[in-house]
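1. Sequence plus the predicted model coming up.
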Amino acid sequence: MSDKAKAEDEAVTIPAQSDGSTGGATLTEDAAPGETLLKVTGLQKHFPIKKGLLQRQVGAVRAVDGIDFEVRSGETLGVVGESGCGKSTMGRLITRLLEPTAGTVEFEGKDITHLGVGGMRPLRRDVQMIFQDPYSSLNPRHTIGTIVSAPFKLQGVEPEGGVKKEVQRLLSVVGLNPEHYNRYPHEFSGGQRQRIGIARALALNPKLVVADEPVSALDVSIQAQVVNLLDDLQQELGLTYVIIAHDLSVVRHVSDRIAVMYLGKIMELADRDLLYKSPMHPYTKALMSAVPIPDPARRGAKSERILLKGDVPSPISPPSGCRFHTRCWKATQICKTTEPPLKELRPGQQVACHHPENFEDQAPQDVVLLSDAKEATELVAEEALAESARTSAAVAAEAETGATEAEGAEAAKSTEAAKQGTKDAKSTEGTGSAEEEPPAKEK
Ligand SMILES: Nc1ncnc2c1ncn2[C@@H]1O[C@H](COP(=O)(O)OP(=O)(O)OP(=O)(O)O)[C@@H](O)[C@H]1O
Ligand code: SF4
Ligand SMILES: [Mg+2]
């Protein structure tokens, strides 16, 4: 059995409660909607590279290289990024299927970073994962009926109408023929296998579902069904999702917030609407420019596409400073030397960039583009560059007006205060002289 299949078996192999209950064991009280369910701090996963007879470590693949984020109860966090940027590794770290190299993972306020198999057992029903690769995540020796009903049996859960009926319902809900209950995984296509994985993950009504490219193997009509199913379940049961995709068009419809990853780091983390309306990281902007535009009136907007220069660099030795600087058309010296921290530049929008888009450019006036940036610029449509300059100028002007207004308001306030002060001073003068100095006539 593959590692993933083993991990999946582990994920569902939870003994029923000794009292015969449905095994509602949870680590802590349920998080209220909007409260933090999962918190990740400085999370890293470096896969060692070993060589030679002695298998000495000669380097490491820095698949996830220090990420921080929170997932709130009831929300859907979308995670996007190019192939190899560490999305699946991140998913497997937060479900504790992989041991982190550094950092912490907290679930419902409890640090679960280093919990062993026993400690993780009660958590396994609360956190489920749908795997990216439908070929290696199902046990080939079990029928799909056995696979999807295993969580019910192992937890001692007896759904209304019986396990078989519930499993068949789950199968039809994910677009499979319930009559295929007794078939084996090899008799299904990749897309169908993925649907089996989804049915199994949702069977126990977990609190958090980490879905790694859950619909990429499905055809369009089934994608819609599955997305609607995930949505309905979220509404009904208050589920929380982390949905991983390489494509912004999938997460757009399902996410409340979106994290954009590049070479093991989060480049931008923002509310969905903010991210689509005004992306701030150049990489986000490039990814968005590659999403087909469904509006027929804007079909001609192809010219705004931003093609990225070259391939994604190796995660074994990521570029210095900002990891995106070798492909960014705005890169300056500071980008090469100093890593930009992920900062909240607008409420609900965190960005790791020295010269963000749709924002007042924070670069000094005399900055010089790196030669990499000059080459990258050649691949960026004139319209995109012009738009970027326009929005930066507009935000800068707005900021200036705001500052002038604020200064004006401040000045008006101080004038008012000064007047008030004079008034007060005058009245105090009057009172003071009356109180402190006895009237001359009384002397
Ligand atoms: N077990 C492992 N051992 C060594 N390197 C690994 C291992 N798993 C992943 N990697 C490497 O870590 C990096 C991130 O891989 P990961 O699968 O997380 O990327 P991804 O964003 O999910 O990509 P994709 O969109 O192709 O699924 C890649 O360079 C990959 O080769
Ligand atoms: S402008 Fe600089 S910091 Fe921002 S993404 Fe480009 S290279 Fe990175
Ligand atoms: Mg992946």
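-> That came through fine. Since we're looking at a predicted model, the values are computed, not measured. Residues are numbered from 1 along each chain as shown. Ligands and ions are numbered 1, 2, ... in the order given.
2. now the strands for the stretch 151-300 of the chain?
-> In the stretch 151-300 of the chain, the strands defined using DSSP state E, counting those that start in this stretch lie at 208-212, 240-245, 257-262, 265-271.
3. can I get these in CSV with mean neighbour count, mean pLDDT and distance to ligand 3?
-> C-beta: built from backbone N, CA, C; applies to glycine. Output for the strands of the stretch 151-300 of the chain, formatted as CSV (neighbours: other CB atoms under 10 Å; pLDDT from 0 to 100; distance: least, CB to the ion, whole Å):
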stretch, mean neighbour count, mean pLDDT, distance to ligand 3
strand 208-212, 25, 93, 6
strand 240-245, 25, 94, 7
strand 257-262, 25, 97, 11
strand 265-271, 24, 98, 16
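4. would you list those in JSON lines and tack on distance to ligand 2?
-> Output for the strands of the stretch 151-300 of the chain, formatted as JSON lines (distance: least, CB to the nearest ligand atom, whole Å):
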{"stretch": "strand 208-212", "distance to ligand 2": "26"}
{"stretch": "strand 240-245", "distance to ligand 2": "21"}
{"stretch": "strand 257-262", "distance to ligand 2": "9"}
{"stretch": "strand 265-271", "distance to ligand 2": "7"}
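5. Identify whichever of the ones you listed lies nearest to Leu170.
-> Closest approach to Leu170 among the strands of the stretch 151-300 of the chain (CB to CB): strand 208-212, 13.9 Å.
6. Please name the strands paired to that closest one in the sheet, noting orientation.
-> strand 127-130 (parallel), strand 240-245 (parallel) (DSSP bridges).
7. List the buried residues of stretch 388-407.
-> Burial within stretch 388-407, assessed by neighbour count using 16 or more other CB atoms under 10 Å, is assigned to Ser388, Thr391, Ser392, Val395.
8. Assign the last one to helix, strand or coil.
-> On the three-state scheme (DSSP: H, G, I helix; E, B strand; the rest coil), Val395 is labelled helix.
9. start the count at 41, not 1, going forward
-> With the count now opening at 41, the last piece we talked about shows up as Val435.
10. Not counting residues beside it along the chain, what's closest to it?
-> Glu400 (4.9 Å; CB to CB, 6 or more residues apart in numbering).
11. and that neighbour, that one's in a helix?
-> No: applying three-state DSSP, one finds Glu400 to be coil, outside a helix.
12. Surely it is in contact with Thr431?
-> No: taking CB atoms under 8 Å as the definition, Glu400 is not a contact partner of Thr431, at 9.8 Å.
13. helices and strands of the chain: which one has the lowest mean pLDDT?
-> The helix or strand of the chain with the poorest confidence is helix 43-52; it has a mean of 42 (mean pLDDT, DSSP states H and E).
14. Okay, strands next: where are they in the stretch 41-190 of the chain?
-> Under DSSP E, counting those that start in this stretch, the stretch 41-190 of the chain gives strands at 76-91, 96-112, 116-120, 142-147, 150-151, 167-170.
15. Mind putting the strands of the stretch 191-340 of the chain into JSON lines with distance to Thr153?
-> Output for the strands of the stretch 191-340 of the chain, formatted as JSON lines (distance: least, CB to CB, whole Å):
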{"stretch": "strand 248-252", "distance to Thr153": "16"}
{"stretch": "strand 280-285", "distance to Thr153": "17"}
{"stretch": "strand 297-302", "distance to Thr153": "20"}
{"stretch": "strand 305-311", "distance to Thr153": "18"}
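16. Next one: the residue nearest to the spatial centre of the chain relative to Arg367, how far apart?
-> The centre of the chain sits closest to Ala299, judged by CA atoms, centre = their mean, with a distance of 3.3 Å. Distance of Ala299 to Arg367, given as CB to CB, to the nearest Å: 19 Å.
17. Show the contacting residues for Asp259.
-> For Asp259, the contacting residues are Gly231, by CB atoms under 8 Å, 6 or more residues apart in numbering.
18. Return the residues of the stretch 341-483 of the chain in contact with ligand 1.
-> Pro355 (CB under 6 Å from any ligand atom).
19. Quick one: the helices in the stretch 341-483 of the chain, in order.
-> 373-377, 411-417, 422-476 (DSSP state H, counting those that start in this stretch).
20. Those helices: lowest mean pLDDT?
-> Note on the helices of the stretch 341-483 of the chain: helix 422-476 shows the lowest mean pLDDT, a mean of 58.
21. okay, now Ser295: neighbour count?
-> 23 (other CB atoms under 10 Å).
22. Check the closest residue to it other than its chain neighbours and give its pLDDT.
-> Nearest residue to Ser295, sequence neighbours excluded (CB to CB, 6+ apart): Gly118, at 3.3 Å. Note for Gly118: predicted pLDDT of 96.
23. So what's the residue count around Gly118?
-> 23.
24. same deal with His293?
-> Neighbour tally, His293, other CB under 10 Å: 14.
25. what's it in contact with, if anything?
-> Counting by CB under 8 Å, 6+ apart, His293 touches Val267.
26. Would you mind measuring from the closest residue to Met160 other than its chain neighbours to ligand 1?
-> With sequence-adjacent residues excluded and distances taken as CB to CB, 6+ apart, Met160 is closest to Arg136, at 5.8 Å. For Arg136, the distance to ligand 1 (CB to the nearest ligand atom, to the nearest Å) stands at 15 Å.
27. Quick check: the residue of the stretch 41-190 of the chain nearest ligand 2.
-> Using CB to the nearest ligand atom, the single residue of the stretch 41-190 of the chain nearest to ligand 2 is Gly121, 13.8 Å away.
28. What's the per-residue pLDDT of that residue here?
-> Reported pLDDT for Gly121: 93.
29. Now do it against ligand 3, distance only.
-> Distance of Gly121 to ligand 3, given as CB to the ion, to the nearest Å: 9 Å.
30. wait, isn't that residue in contact with Ser128?
-> No: between Gly121 and Ser128 there is no contact, the gap being 10.5 Å when judged by CB under 8 Å.
31. show me where pLDDT drops low in this protein?
-> 41-71, 172, 174, 262, 332-344, 401-408, 442-483 (pLDDT under 70).
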